[in-house]
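1. task: produce atomic coordinates for the following.
(one chain, ligands or ions: 1)
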Amino acid sequence: MSQLEAKLPEISTVSPTEGLLLNESSSDTSRSVARREADKNIPEGMSKSQWKKLQKRKRFEDMKQQFQEVKRAKRQQSRANRRIRNEELRAKGIDPSTVTGGPPKARVIDSEDQIPTDSSVIIDCAFDNLMLEKEIVSLSNQITRIYSDARRSKYAVGLVVTSFGDRLESRFDDALSQYKSWKTGIDFSKDSLKDYLESQPYVKEDFSNVVYLSADTDDKLETLSKDEVYIIGGIVDKGRHKNLCQNKAQEMGIQTRRLPIDEYIKLSGRKVLATSHVFELLLKWWEFKDWKKAFEAVIPQRKLIEEKSRED
Ligand SMILES: C[S@@+](CC[C@H](N)C(=O)[O-])C[C@H]1O[C@@H](n2cnc3c(N)ncnc32)[C@H](O)[C@@H]1O
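-> Predicted coordinates for the structure are as follows:
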């Protein structure tokens, strides 16, 4: 057991929220004394309930930090255990990679190992005011997923989030603040899509090498090409805003393309995919240069049309 775990035995197996509850259910007397003491420090102009909320948030943050430290220590420990186990196996003449030890983990590829595609993907997040709070949370989680997929992918694409601000930025600041240390692999820009595109030397003045992806066009995206910029709408709207990105692209004079979804996904299913799925599909296309294989790798099997019925 690490020194830290010895110090914090009660939180090593609980989440920050549970940790908070656990903390709050400790001795009533000591808690109320501590609270009475804290109440004496209520800043002027702040109500008691605002002060209580602030204190609760502070306790939560402290607990979260302790929880993360324990998790980090556990990770280090399990890495050390694996090293020892591998050395023991090697000493017995066994190649550790041939011995199964749990599910394989996706490797984070060093960007130098990635094959450049010379293409970029922009996640256009200009739709903050059209989303519910829970949809903002969902979008922020999708962007986190996109970042991690981009880092794990064999192929490198330039990745930019435009119109980063408002509630989306607050959500990242409050709950996903580790994003500030993502030094490579993604850029967060406060610029609007138009300003960003106009400031990039690799974007042609007439936007002819830019493609906005939209489910609402008949034109199909046959292949991806180097030197092109692909835009994906950064929005979760559960189908409320049909044609939103299609219309925006048209107004900006940007061509639109749909994924060749009818060919590979059951027609009864929804044809509008989530932002993160579309990004993942683009990465997989670069890997396989084949939409069928890309769809198979990203979309749940039950949604894929069987090869036979497709031929029929
Ligand atoms: C959840 S969808 C947003 C739908 C939104 N109502 C719109 O107007 O695009 C997120 C984004 O993923 C991309 N997307 C989703 N399904 C697509 C498809 N079948 N073909 C091309 N792009 C798609 C689009 O860029 C879209 O803006």
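
2. doesn't Val121 belong to a helix?
-> No. Going by DSSP: H, G, I helix; E, B strand; the rest coil, the assignment for Val121 is strand, not a helix.

3. could I get the contacting residues of the residue nearest to Arg257 when sequence neighbours are not counted?
-> Leaving aside its sequence neighbours, Arg257 sits nearest to Leu221 (CB to CB, 6 or more residues apart in numbering; 3.7 Å). Where you see a C-beta, it was placed from the backbone N, CA and C, and this is true even at glycine. For Leu221, the contact set (CB atoms under 8 Å, 6 or more residues apart in numbering) comprises Val211, Leu213, Arg257, Arg258, Leu259, Pro260.

4. any of these buried? List them.
-> Burial by neighbour count, 16 or more other CB atoms under 10 Å: within these this picks out Val211, Leu213, Arg257, Arg258, Leu259.

5. could you find the closest non-adjacent residue to the closest residue to the ligand within the chain?
-> The nearest approach of the chain to the ligand comes at Gly233, 2.2 Å away (CB to the nearest ligand atom). Distance criterion CB to CB, 6+ apart; nearest residue to Gly233, sequence neighbours excluded, is Cys245 at 4.1 Å.

6. helix or strand: which one has that neighbour?
-> Under the criterion of DSSP states H and E, Cys245 resides in helix 244-252.

7. and that helix, what's its mean pLDDT?
-> Averaging pLDDT along helix 244-252 yields 98.

8. what's whichever helix or strand comes after that helix in contact with?
-> Using DSSP H and E, the helix or strand that follows helix 244-252 in sequence is strand 255-257. Identification of contacts with strand 255-257 by CB under 8 Å, 6+ apart yields 207-208, 210-214, 216-217, 219-221, 245-246, 249-250.

9. let's see that with 6 Å instead.
-> Residues outside strand 255-257 that contact it (CB atoms under 6 Å, 6 or more residues apart in numbering): Val211, Tyr212, Ser214, Thr217, Asp219, Leu221, Gln246, Ala249.

10. in a helix, the second one, correct?
-> What that stands for is Tyr212. No. Tyr212: not assigned to a helix; according to three-state DSSP it is strand.

11. so who does it touch?
-> Counting by CB under 6 Å, 6+ apart, Tyr212 touches Ile231, Cys245, Ala249, Ile254, Thr256.

12. skipping adjacent residues, who's closest to the third one in space?
-> Which is Ala249. Tyr212 (3.6 Å).

13. hey, what's the one you found bridged with?
-> Here Tyr212 sits in beta bridges with Ile231, Thr256, going by DSSP bridges.

14. before we move on, back to that, list the buried residues for the helix holding Cys245?
-> Within helix 244-252, judged by 16+ other CB under 10 Å, the buried ones are Leu244, Cys245, Gln246, Lys248, Ala249.

15. what does the stretch 101-250 of the chain put close to the ligand?
-> Proximity of the stretch 101-250 of the chain to the ligand (CB under 6 Å from any ligand atom) is limited to residues Leu213, Ser214, Ala215, Ile232, Gly233, Ile235, Asp237, His241, Lys242, Asn243, Leu244, Cys245.

16. and these, which are buried?
-> Leu213, Ser214, Ala215, Ile232, Gly233, Ile235, Asp237, Leu244, Cys245.

17. farthest pair in the residues you listed?
-> Greatest spatial distance among these (CB to CB): Leu213 and Asp237, at 15.0 Å.

18. now do the same contact list for the residue nearest to Gly233.
-> Tyr212, Ser214, Gly233.

19. mind running it again at 8 Å?
-> Asp124, Tyr212, Leu213, Ser214, Asp216, Ile231, Gly233, Ile235, Thr256 are the contacts of Cys245 under CB under 8 Å, 6+ apart.

20. picking that back up, against Ile186, how distant is the residue nearest to Arg257?
-> Noted for Leu221: a distance of 23 Å to Ile186, by CB to CB, to the nearest Å.

21. can you check Phe67 too?
-> In this view, Phe67 and Ile186 are 26 Å apart by CB to CB.
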